[in-house]
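Trainee: Fold the following, please.
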Amino acid sequence: MAEFAQRGIEEMLIEVEKMRKIGLFSTEETRAIMKKRKRFEYKMQRRTKEKEVYLQYIQYEIGVLQLIKLRREKRSIELGKDEIEKEIVLRIYKLFRIACFRFNSDVKLWLTYADFANKNFDKERVSKIYTTMLQTHNKKPNLWIIAAKHEFEANESIETARNLFQRAIRFLPKCQKLWIEYFKMELLCIELIQKRKELLGIKESESEDKKSEPISRVEDAILSCKIVEIIYKNAIKEFENNVPDLINSFIFVAKDFNFTQNLIENMYKSLSEDENLSKIEETQDVLAKRHLLEEGEILKKCEKSGQIADFTIAELEEKANSAYLESLEKLNTEKMHLIYIDFLIERLKLNSQYLSEERFERLNDAFSKTETKYQLKLDYLIEWIRYLIKFKKTTEAYNLVEKYLEKFKTSKDLWAFYLHLNIEKTTKENEKNLIDLFRKSIGQIRESESFDLWEIILNWILADESEYTEKLLQEGSCIMRSDISLFARLKYLSWAFEKGVDKVRDVYNGLRQVPPYDVDFYLKYIQIEKSLSKMDEKRVEKVFEDALMHFGGDNVDLWLSFIEFKQNINKTQDVANLYWRAMKQLDANQVEIFTQKFCLFKIDVSGDNQPNDVDMTE
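Mentor: Here you go, the predicted model:
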């Protein structure tokens, strides 16, 4: 094995000598480069092959390439590019090729190889990489799409891209994404041909005169969307149980092209005129939304002209809404009602200044009718209540929550709504009722889901100071759920600080050794102590020590914050001691991170922007 490594090293000598002669690197630097390469070459010859070795070697060679580029620019050296950069690039290709052969299941490795070749403008090699990769990974649709896009966009080879998509569909006929991307590519092909004709100033009649009949027929088939129609019709045969969604996806792609009006119309007809398809709720959904197909284009035009689009959109939306209502008369099913509600929610989320109220009224009416005819599912019920609250229909929201709370008594969202709505009715005289309601709510749901309820009650109790404030803060601070206890503790510290320094210190001392522990609790208290006009340095140091007791093994930033604090109070003699304590106490995987950050901290403190011990060749 050693002879293979030695042969590889010898092949590099001419290249490295050239680097030295033309002044890219010094003798010491070329020795360092060869030493590093030798180490990698011998590692690659080990019996057990490790992917990381190849990746590290590749990364090192890329680093050398980048350094050569910088040196050439800085020193204005143009000589020897073929003998140096070309050889390094070929070596990197070789390393990638070997690595991909040995670890051919690693898709990311193949794509990195292709990306490197692409950055070096080696289109032919990229095509070969994709071809080889797809022999192993022919069940991954995204890889077929990437390869086809490369052929279409980079190599401008429509036929090769088409063949790739057709092969992909033979392997994965049930992959909807492949059909859609193939459909899109054929539309792009038509657009490309049309643009070329416009650029050359060729008219239809002239074009037909100059072309032979077979070529003319092929081009006519392409330009008249015949190939595209074949694609979507073949796709429909593969997805007989999902035709409306598939056609909707095709329409969504086709609408961005200015020559697809007839194609889109034919696709809509295939839905509306098919007796079986027209009985499917999803079909009615697609047909109703066709009225909003031009919405994006209208918005763009209005944005350019400075006009308000809402009134035009309102007309289109009214047509779509009417279509949904007609569909509900034909298909008065729960599914159709919910599809209509989904559409209305989607429209309301657009947050139009002029249309929001009208959209909400439609949604509220749809929810009400659906709830009367069918029992609403919990997620739809929550959406309805959320919008009722948003649009200030609190009485309706309150009645709805009360009606369904018994049925969905473990729903954290319903209890959160109920608490929120009861807060608006709470006064000083009846606040105990709200506390009792809160306790009842957290008793009904899992503790893991109770954060929202604690957040609501604590925010309320802090805004509305009462005899229950501290008691609830203490209770929340001692819950074993870390998210709840941290939220409560941070609120407790802020509340106590408003009462005075002694109070906040009492709160901290009462909680500092009470689990669950969280570093943010200690940091918050440190921030409070440091904000005092007369800071107690020893007290701050003690809090840091408390935090390190629990988080000194894995929190690098905590150590660095303590070191920075010592530096700021001019106790620089303690910094070295803290550094060595951190090195001993931190977990092994955190030590390197700590040393790197500590070096940056030292540079920042000393004002030295360039460390002296960095060897760029290592």
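Trainee: remind me which residues of this structure are low pLDDT?
Mentor: 1-5, 8, 202-221, 605-618 (pLDDT under 70).
Trainee: domain ranges for it?
Mentor: Domain assignment of the chain by automatic domain parsing yields the ranges 1-103, 105-172, 176-271, 477-551, 553-618.
Trainee: now the fourth one: how far from the chain's centre is it?
Mentor: Shown here is domain 477-551, whose average C-alpha point lies 35 Å from the average C-alpha point of the whole chain (C-alpha atoms, centre = their mean, to the nearest Å).
Trainee: now do the second one
Mentor: When C-alpha coordinates are averaged (C-alpha atoms, centre = their mean), domain 105-172 and its chain have centres 24 Å apart.
Trainee: so how far does that domain reach from one end to the other?
Mentor: End-to-end distance for domain 105-172, by C-alpha to C-alpha, to the nearest Å: 19 Å.
Trainee: now what about stretch 172-190, what contacts it?
Mentor: Applying C-beta atoms under 8 Å, 6 or more residues apart in numbering, the contact partners of stretch 172-190 are 139, 141-142, 144-145, 148-149, 152, 158, 161-162, 165-166, 168-169, 222-223, 225, 227-228, 231-232, 235, 238-239, 242, 246, 249-250, 253-254, 257, 259-260. All C-beta atoms are positioned from the backbone trio N, CA, C, and that covers glycine.
Trainee: So which of those are in helices?
Mentor: 141-142, 144-145, 148-149, 158, 161-162, 165-166, 168-169, 222-223, 227-228, 231-232, 235, 238, 246, 249-250, 253-254 (DSSP state H).
Trainee: which of those count as buried?
Mentor: 141, 144-145, 148-149, 158, 161-162, 165, 168-169, 222-223, 227-228, 231-232, 235, 246, 249-250, 253-254 (16 or more other C-beta atoms under 10 Å).
Trainee: can you pull out the helices in the stretch 451-600 of the chain?
Mentor: 451-463, 469-477, 482-499, 501-511, 519-530, 537-551, 556-568, 573-585, 588-606 (DSSP state H, counting those that start in this stretch).
Trainee: and the closest residue to M336 other than its chain neighbours, how many neighbours?
Mentor: Nearest residue to M336, sequence neighbours excluded (C-beta to C-beta, 6 or more residues apart in numbering): E281, at 4.7 Å. Using other C-beta atoms under 10 Å, E281 is surrounded by 18 other residues.
Trainee: any idea how far L325 is from E281?
Mentor: Distance, E281 to L325, using C-beta to C-beta, to the nearest Å: 14 Å.
Trainee: Can you tell me how far the spatially closest residue to S249 that is not a sequence neighbour is from Q261?
Mentor: Spatial nearest neighbour of S249, excluding adjacent residues (C-beta to C-beta, 6+ apart): I180 at 5.2 Å. According to C-beta to C-beta, I180 and Q261 sit 19 Å apart.
Trainee: For the helix or strand hosting R39, which helices and strands make contact with it?
Mentor: Counting by DSSP states H and E, the element that carries R39 is helix 27-44. Using 3 or more C-beta pairs under 8 Å, 6 or more residues apart in numbering; DSSP states H and E as the contact test, the elements touching helix 27-44 are helix 2-21, helix 51-75.
Trainee: Ok, which of the domains of the chain comes nearest L421?
Mentor: Using C-beta to C-beta as the measure, domain 477-551 is the one of the domains of the chain that comes nearest L421, at 21.9 Å.
Trainee: So what's the residue count around C302?
Mentor: By other C-beta under 10 Å, 16 other residues sit near C302.
Trainee: Would you check that it makes contact with A309?
Mentor: Yes. If you go by C-beta atoms under 8 Å, C302 and A309 touch, sitting 3.8 Å apart.
Trainee: on that earlier part again, who has more neighbours out of I180 and Q261?
Mentor: More neighbours surround I180 than the other of I180 and Q261, with 19 against 11 (other C-beta under 10 Å).
Trainee: Let me know the helix or strand that that one is in.
Mentor: If you go by DSSP H and E, I180 is part of helix 176-200.
Trainee: So which bits of that helix are buried?
Mentor: Neighbour-count burial for helix 176-200 [16+ other C-beta under 10 Å]: 176, 178-190, 197.
Trainee: Check stretch 582-593 too.
Mentor: For stretch 582-593, a neighbour-count test (16+ other C-beta under 10 Å) marks 582, 586, 590 as buried.
Trainee: any idea where the helices of the stretch 201-350 of the chain begin and end?
Mentor: Under DSSP H, counting those that start in this stretch, the stretch 201-350 of the chain gives helices at 204-210, 213-223, 226-238, 243-254, 261-272, 281-289, 295-305, 310-330, 334-348.
Trainee: Reformat those helices as a markdown table; add distance to E383.
Mentor: Shown next, in a markdown table, are those (distance: least, C-beta to C-beta, whole Å):
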| stretch | distance to E383 |
| --- | --- |
| helix 204-210 | 53 |
| helix 213-223 | 46 |
| helix 226-238 | 33 |
| helix 243-254 | 22 |
| helix 261-272 | 28 |
| helix 281-289 | 18 |
| helix 295-305 | 23 |
| helix 310-330 | 17 |
| helix 334-348 | 6 |
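Trainee: and of those helices, who's closest to K86?
Mentor: Going by C-beta to C-beta, the one of the helices of the stretch 201-350 of the chain nearest K86 is helix 213-223, 40.8 Å.
Trainee: so who does the residue lying closest to Y232 once chain neighbours are set aside touch?
Mentor: Counting by C-beta to C-beta, 6+ apart, Y232 lies nearest to F250, which is 5.1 Å off, once chain neighbours are set aside. Residues near F250 by C-beta under 8 Å, 6+ apart: 180, 183, 232, 235, 267.
Trainee: can you tell me how far the last one sits from K369?
Mentor: M267 sits at a distance of 31 Å from K369 (criterion: C-beta to C-beta).
Trainee: who has more neighbours, the two?
Mentor: Neighbours around M267 and K369, counted as other C-beta under 10 Å, are more numerous at M267. The numbers are 22 against 14.
Trainee: Now do the contacts for that one.
Mentor: Neighbouring residues of M267 by C-beta under 8 Å, 6+ apart: 232, 247, 250-251, 254.
Trainee: Next one: it relative to L558, how far apart?
Mentor: Separation of M267 from L558 (C-beta to C-beta): 61 Å.
Trainee: List the buried residues in the helix or strand containing V89.
Mentor: Using DSSP H and E, V89 sits in helix 85-102. Of all the residues in helix 85-102, those buried under the rule 16+ other C-beta under 10 Å are 85, 87-89, 91-93, 95-96, 99-100.
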